[in-house]
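*Asks:* What follows is a predicted structure for the sequence shown.
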Amino acid sequence: MTKLQVAIDLLTTADALALAEKVAPHVDIIELGTPLIKSEGLGVIRAVKDAHPDKIVFADLKTADAGALEARIAFEAGADLVTVLGTADDSTILGAVEAAKEAGKGIVVDLIGVADKAARARQVVDLGVEFVEFHAGLDEQAQPGFSLTTLLEAGTASEVRFSVAGGVNIHSITAVKAAGADVAVAGGSIYGAVDPALAAAALQAELN
């Protein structure tokens, strides 16, 4: 069954905790977005994990170098999953994977900015990552002609465990599930909703 991940791209720990409290009953994974961690530091990871110990806490570091070091400090702060960029050197990914094995946690490779996402996904899975995120960032989504379908097709073609992030909402989440995604990542369609809990519940219902 496809899991639901909420991407919290807010900027304060207080706001992140408030949103997590509302949506936690309806999501499997709580992602702390890169802007949030840059704004608040690693303390926000610990705060969310302490508040929701039963949830998978995903630290979206988007590591590009020093993979073992950055993964280790995020795991020590309470993260269960940490992202490394697919554009990073294989040695960076391998270092992060080794740190994950030591901690009993996992590494996710984010394919933002990768041209041939399916091919790179197959490569990094061989390095021992948990799964691969087929991701279009906010800037890419704003470009004319962007389509979530492209990500879904690449994910299906990769034949690896994958998540999808980039415009997932109530209108597209059925297609995400049909594409075989292990995780559907929803950000703005949850935290930008008038009622985030209701939005998350609706997405979860579509997946179930």
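*Replies:* Received, thanks. Just so you know, these numbers come straight off a predicted model, no measurement behind them.
*Asks:* Please confirm that Gln143 is located within a strand.
*Replies:* No: counting by DSSP: H, G, I helix; E, B strand; the rest coil, Gln143 is not part of a strand but coil.
*Asks:* What does it show for phi and psi?
*Replies:* Note on Gln143: backbone dihedrals following degrees, to the nearest 10 are phi -80, psi 150.
*Asks:* Repeat that for Leu81.
*Replies:* phi -130, psi 140.
*Asks:* Let me know how buried the nearest residue to it once chain neighbours are set aside is, in neighbour terms.
*Replies:* Of all residues not flanking Leu81 in the chain, Phe58 sits nearest, at 4.5 Å (CB to CB, 6 or more residues apart in numbering). (Each C-beta comes from the backbone N, C-alpha and C, glycine too.) Phe58 sits with 29 neighbouring residues when counted by other CB atoms under 10 Å.
*Asks:* Lys101 - that's part of a helix, no?
*Replies:* Yes: judged by three-state DSSP, Lys101 forms part of a helix.
*Asks:* ok, now how distant is it from Ala68?
*Replies:* Look at Lys101 and Ala68: by CB to CB, to the nearest Å, they are 11 Å apart.
*Asks:* The two: which is more packed in?
*Replies:* Ala68 (18 against 12).
*Asks:* List the contacts of whichever helix or strand the more buried one is part of.
*Replies:* Using DSSP states H and E, Ala68 maps to helix 67-76. For helix 67-76, the external contacting residues (CB atoms under 8 Å, 6 or more residues apart in numbering) are 42, 45, 59, 61, 63, 82, 84, 88, 91-100, 102-103, 105, 107.
*Asks:* can you give me the mean pLDDT across it?
*Replies:* What helix 67-76 shows for mean pLDDT is 98.
*Asks:* Name the residues of that helix that come out as buried.
*Replies:* Using 16 or more other CB atoms under 10 Å as the test for burial, helix 67-76 gives 67-68, 70-75.
*Asks:* Which parts of this structure are strands?
*Replies:* If DSSP state E is used as the criterion, the strands of the chain fall at 3-8, 29-32, 56-63, 81-85, 106-110, 131-135, 162-165, 183-186.
*Asks:* got the angle for the helix holding Ala68 vs strand 81-85?
*Replies:* Computed by axes from the mean of the first three to the mean of the last three CA atoms, to 10 degrees, the angle separating helix 67-76 from strand 81-85 equals 150 degrees.
*Asks:* Dump helix 67-76 to CSV, restricted to CA.
*Replies:* Once non-C-alpha atoms are left out, helix 67-76 reads as follows in CSV (Å, rounded to 0.1, in the frame of the first residue of the first chain):
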residue,chain,number,x,y,z
GLY,A,67,27.4,12.0,3.4
ALA,A,68,28.4,10.0,6.4
LEU,A,69,28.8,13.1,8.6
GLU,A,70,25.6,14.8,7.7
ALA,A,71,23.5,11.6,7.9
ARG,A,72,25.0,10.7,11.3
ILE,A,73,24.2,14.0,12.9
ALA,A,74,20.6,13.9,11.5
PHE,A,75,20.1,10.4,12.8
GLU,A,76,21.5,11.4,16.2
